[in-house]
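Engineer: What shape does this take:
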Amino acid sequence: MPKPSTNRRARILTWMALVVITISVEAAWAGKFNKVLDVEAPAPDFSDLRGTDGKTHKLADYKEHDILVLFFTDNHCPASRLYAPRLKALLKEFADDPVALVAINVSDDSLGSMRAHAAKHKWPFDYLSDPTQQVGREYGAVRTPQFFVLDHKRRVAYMGALDNHDDPDKVTKQSLRDAIRALLSGKRPASGETLQRGCKIEYAEKTSP
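Structural biologist: A predicted model of the protein is given here:
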């Protein structure tokens, strides 16, 4: 079999190098449980998400907060409803700290139903609709509730579950709270990622243009 020419060999080697680099970069940005993002990755930006307050919101709206906690949720998941009291307790604990909590809904819940849901649970934080599901995809969100803690540079410092048990009486590790406490003390969270739990997010199939 004739050997490939020098130019052809060079093209093949260049192509192989690009493949290796691409795979390495993708692997670097995918976490253990999150197949899209990894800890320390820049948080995906978002804009024009309409909230239950009737306004549109973007990531930059929360720049005055050193720590931003995003969590993906919806109106009907039992796990999301189960965690509502714990979220309010978390907010109360960090009420005097530069911490903001923002909820994002990637389901087909209407803004009206979201508004009623937020009022029923007396949510004191923004509740935003992601009707295209693009934000959820970019964050690699697959469950509700699923949490992402962003530091002051808006890098992912922690992602995963709020704690390690659905039953509050059986919780032995409060990963989300520990991550926030670590950042407030100028440290990185000891555990940057945990397995997300809850209801599966149903993503619509992407259609070809």
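Engineer: What's opposite the residue most central in space within the chain in the beta bridge?
Structural biologist: In the chain, the residue lying closest to the centroid (C-alpha atoms, centre = their mean) is Phe148, at 4.1 Å. The residues listed as beta-bridge partners of Phe148 by DSSP bridges are Leu70, Met159.
Engineer: Do a quick rundown of the strands in the chain.
Structural biologist: Applying DSSP state E to the chain gives strands spanning 49-50, 56-57, 67-73, 99-105, 126-129, 143-144, 146-150, 156-160, 199-200.
Engineer: what comes into contact with the fifth one?
Structural biologist: This points to strand 126-129. Defining contact as C-beta atoms under 8 Å, 6 or more residues apart in numbering, one finds that strand 126-129 is touched by 49-53, 57, 102-105, 109, 111, 114-115, 117-118. Every residue, glycine included, has its C-beta placed from N, CA and C.
Engineer: quick one: it to chain centroid distance?
Structural biologist: The chain centroid and the centroid of strand 126-129 are separated by 14 Å, computed with C-alpha atoms, centre = their mean, to the nearest Å.
Engineer: Contacts only, for the closest residue to Asp45 other than its chain neighbours.
Structural biologist: Leaving out its chain neighbours, the residue that sits closest to Asp45 by C-beta to C-beta, 6 or more residues apart in numbering is Leu59, at 5.1 Å. Contact partners of Leu59, counting by C-beta under 8 Å, 6+ apart, are Ala43, Asp45, Phe46, Ser47, Leu68, Arg154.
Engineer: Tell me if I'm right that the third one and Asp61 touch.
Structural biologist: Right, Phe46. No. Contact criterion C-beta atoms under 8 Å: Phe46 and Asp61 do not qualify, at 10.0 Å.
Engineer: Neighbour count: those two, which is higher?
Structural biologist: More crowded of Phe46 and Asp61, by other C-beta atoms under 10 Å: Phe46, with 20 against 17.
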